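[1] starting from these lines, generate the structure:
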Amino acid sequence: MLNVLSSIEFIDKILYVIKTYSIQTIITTVISTFITLKISKINERNTLLDELRNIMKYSMEYPFLENEYFTNQYEIMYNFCKKHDITVYNCKIEIINRYYQYEIYCEMIFNYISKIYDFYKFNEKKINKFLDVYGWIKIHSQYWHNSQNHKESVDAYGKKFVNYIDNIYKKYPIKEY
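    Below you'll find the predicted structure:
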């Protein structure tokens, strides 16, 4: 009888040790996962800040990209290139090349804002706290509202993001020159 009792006590002690270590393992795993996710989020935010710095650097190298007079001529240049079948590959006209550069710059801007939109999970307050979206996109209205670009935007970014940008433009109407 004594052997049976000591065997039961032994099994109880083993179960107690297993439960104790299991709980410790679970707690350690949860804490480790939480810290890993936090670090990942911080790294992702730092990557977004680095990308923003690069875009800002680019706009400083080519200040015409943020020049309101230049950006307000976008639709005229777009129609001119389309009418005369001018492509970036055969164009020797500097001003037209600048508008092609401008299109790429706008794509960079809206791609970046889309990443911010996804990063903050569509939370406009958090997005606006991180980045003044309207302040940045207001002079790029012609590019955004160009029928071809807008159609491509819906395909590339999805309807929800496009509605987000469209609502910003509706909320702060752009003055015409």
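[2] remind me, longest helix of the protein?
    Ranked by residue count under DSSP state H, the longest helix found in the chain is helix 2-61.
[3] toward the C-terminus, what is the element adjacent to it?
    As assigned by DSSP states H and E, the chain's next helix or strand after helix 2-61 is helix 68-71.
[4] other SSEs contacting the following helix or strand past that next one?
    Using DSSP H and E, the helix or strand that follows helix 68-71 in sequence is helix 74-83. Counting contacts by 3 or more C-beta pairs under 8 Å, 6 or more residues apart in numbering; DSSP states H and E, helix 74-83 is packed against helix 94-119, helix 141-145. All C-beta spots, glycine's among them, are computed from the backbone N, C-alpha and C.
[5] with respect to burial, which of the ones you listed scores highest?
    Among the helices and strands packed on helix 74-83, helix 141-145 has the highest mean neighbour count (mean count of other C-beta atoms under 10 Å), at a mean of 20.
[6] show me the residue sitting in the middle of this protein in space.
    By C-alpha atoms, centre = their mean, the chain has its centre lying nearest to Lys115, at 1.0 Å.
[7] now do the contacts for the closest residue to that one other than its chain neighbours.
    The shortest distance from Lys115 to any non-neighbouring residue, by C-beta to C-beta, 6 or more residues apart in numbering, is to Leu48 (6.3 Å). Going by C-beta atoms under 8 Å, 6 or more residues apart in numbering, Leu48 touches 112, 115-116, 119.
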